[in-house]
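**Student:** attaching a predicted model along with its sequence, questions to come.
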Amino acid sequence: MSLHITDDPAADELLSTNPLALLVGMLLDQQVPMETAFAGPLKIRDRIGSLDAATIAGYDPEAFAEVFKTTPAVHRFPGSMAGRVQSLCTAIEQEWGGDAAAIWTDADGPTVLKRLKALPGFGDQKARIFLALLGKQYGYDGAGWREAAGAYGDEGSFRSVADIVSPESLTKVRAFKQAAKAAAKEK
């Protein structure tokens, strides 16, 4: 399994091999391009020397916000997103023993969706998109994952990061999102 989301081989490798990196990338995926969001975990790891829940949860919050602000910034809202990443890592450390993959390795799709929605920063839509990403590209095969992911789990769709496997699929996802925004404005 090898993800191709960021167009940066090192960032994609980290996402492919580190479940926490993938979760953090998904958390960062708001109000910035997908490639920027999912490249964030590599920037964090390179700047603090590690990407594990305990290290991030225990990092001094002001210093962690500075990590996000360093050029190129991890996110366009460095202070608030640094706090959200620390909250996510604290929850993973406290509730999952620091093992992000434990959220999905032993459960069916509806249970994983419920667990994801309980994480800081993961609402219903983000949780469904992440569940679809796990099922479509990360090797997760828990029963009922497609149904739990809703339309994001549809075979052959181009709705979200779960469907990005190449530059061509990224273009299709962007077109879908633009059409959805245009339709929402017309209402």
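**Tutor:** Received, thanks. Numbering: from 1, shown residues only.

**Student:** CA only for contacts and neighbour counts going forward, please
**Tutor:** Will do.

**Student:** just how off-centre is stretch 143-154 within its chain?
**Tutor:** 17 Å (CA atoms, centre = their mean, to the nearest Å).

**Student:** over to stretch 20-27?
**Tutor:** Worked out by CA atoms, centre = their mean, stretch 20-27 lies 4 Å from the chain centre.

**Student:** quick one: contacts of the helix or strand bottoming out on mean pLDDT in the chain?
**Tutor:** Ranked by mean pLDDT, DSSP states H and E, the helix or strand of the chain with the weakest confidence is helix 167-186, at a mean of 87. The contact list for helix 167-186 (CA atoms under 8 Å, 6 or more residues apart in numbering) reads Phe158, Arg159, Ser160, Val161, Asp163, Ile164.

**Student:** now the residues you listed as a markdown table including neighbour count?
**Tutor:** Shown next, in a markdown table, are the contacts of helix 167-186 (neighbours: other CA atoms under 10 Å):
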| residue | neighbour count |
| --- | --- |
| Phe158 | 20 |
| Arg159 | 22 |
| Ser160 | 22 |
| Val161 | 23 |
| Asp163 | 24 |
| Ile164 | 24 |
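
**Student:** endpoints of stretch 119-127, how far apart?
**Tutor:** End-to-end span of stretch 119-127 (CA to CA, to the nearest Å): 9 Å.

**Student:** got it, and stretch 54-70?
**Tutor:** 22 Å.

**Student:** list the buried ones in it?
**Tutor:** Of the residues in stretch 54-70, Ala54, Thr55, Ile56, Ala57, Phe64, Ala65, Glu66, Val67, Phe68, Lys69 count as buried by neighbour count, 16 or more other CA atoms under 10 Å.

**Student:** residue closest to the middle of this protein?
**Tutor:** Residue closest to the average C-alpha location in the chain (CA atoms, centre = their mean): Met26, at 1.5 Å.
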